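Participant: pasted the sequence and its predicted model underneath.
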Amino acid sequence: MSLPNWERPIGKKLKKLKPPKPVPKQRAPAKRPNYKRILEQFTAALANLKAADRRQIPEGTLPEMMVAWALVKNKLQFQSQQREGGGQLRLGGGVVDFLVQMGSSVVVVRVNGDYWHSLPERKRKDELQAQLLRLRKYRLVDLWEHDIYVTWTEGRLIQWVADEIRSAQ
């Protein structure tokens, strides 16, 4: 019968300690998209839209306008900057960036800026709003500024927005 390791007598047959395994290299942080180049490219793309389609793009932040452009390109029916639950004047209310009609259901699309929506207080408000919207039977999609810029740069913004909306929960 052998003794557990902690009860074995210490003797000459001690195992040599192995050197620690090398720490794997950390993945380099994602390269920050070139905002100025994206703005120039998007302005050109906006100018190439038909006038009727261009009128559907609301004034707003660049990421909001880019999402609206993708919604137009996907031929989706949407409303922008819509009050829900009484708007910001009522507890639990708010303004959502887009309401997108998908058959018999409505998908709420929220466009989140990387800085402001990462602040602790804003995170709490966003989570409360998400819970309230889901209670009202909305499907919900959060699109983040960085992801919008990256998918634009990769040339897949239109498809990505459509996929995100279709997979909304």
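Facilitator: Structure's in. What do you need?
Participant: now the least confident helix or strand in the chain by mean pLDDT: buried residues?
Facilitator: Least confident helix or strand of the chain, by mean pLDDT, DSSP states H and E, is strand 78-84 with a mean of 84. By neighbour count on 16 or more other Cβ atoms under 10 Å, the buried set for strand 78-84 is 78, 80, 84. Just so you know, the C-beta spots here come from the backbone N, C-alpha and C atoms, and that holds for glycine as well.
Participant: list the strands paired with the helix or strand where residue 98 lies, with their directions.
Facilitator: Per DSSP states H and E, residue 98 falls inside strand 94-102. If you go by DSSP bridges, strand 94-102 pairs up with strand 78-84 (antiparallel), strand 105-112 (antiparallel).
Participant: what mean pLDDT does the last one get?
Facilitator: pLDDT averaged over strand 105-112 equals 93, rounded to a whole number.
Participant: gap between it and the chain center?
Facilitator: Its chain's C-alpha centre and that of strand 105-112 lie 11 Å apart, by Cα atoms, centre = their mean, to the nearest Å.
Participant: tilt between the helix or strand just after that strand and strand 78-84?
Facilitator: Downstream of strand 105-112, the next assigned helix or strand under DSSP H and E is helix 120-135. Relative orientation of helix 120-135 versus strand 78-84 (axes from the mean of the first three to the mean of the last three Cα atoms, to 10 degrees): 100 degrees.
Participant: many thanks, have a good one.
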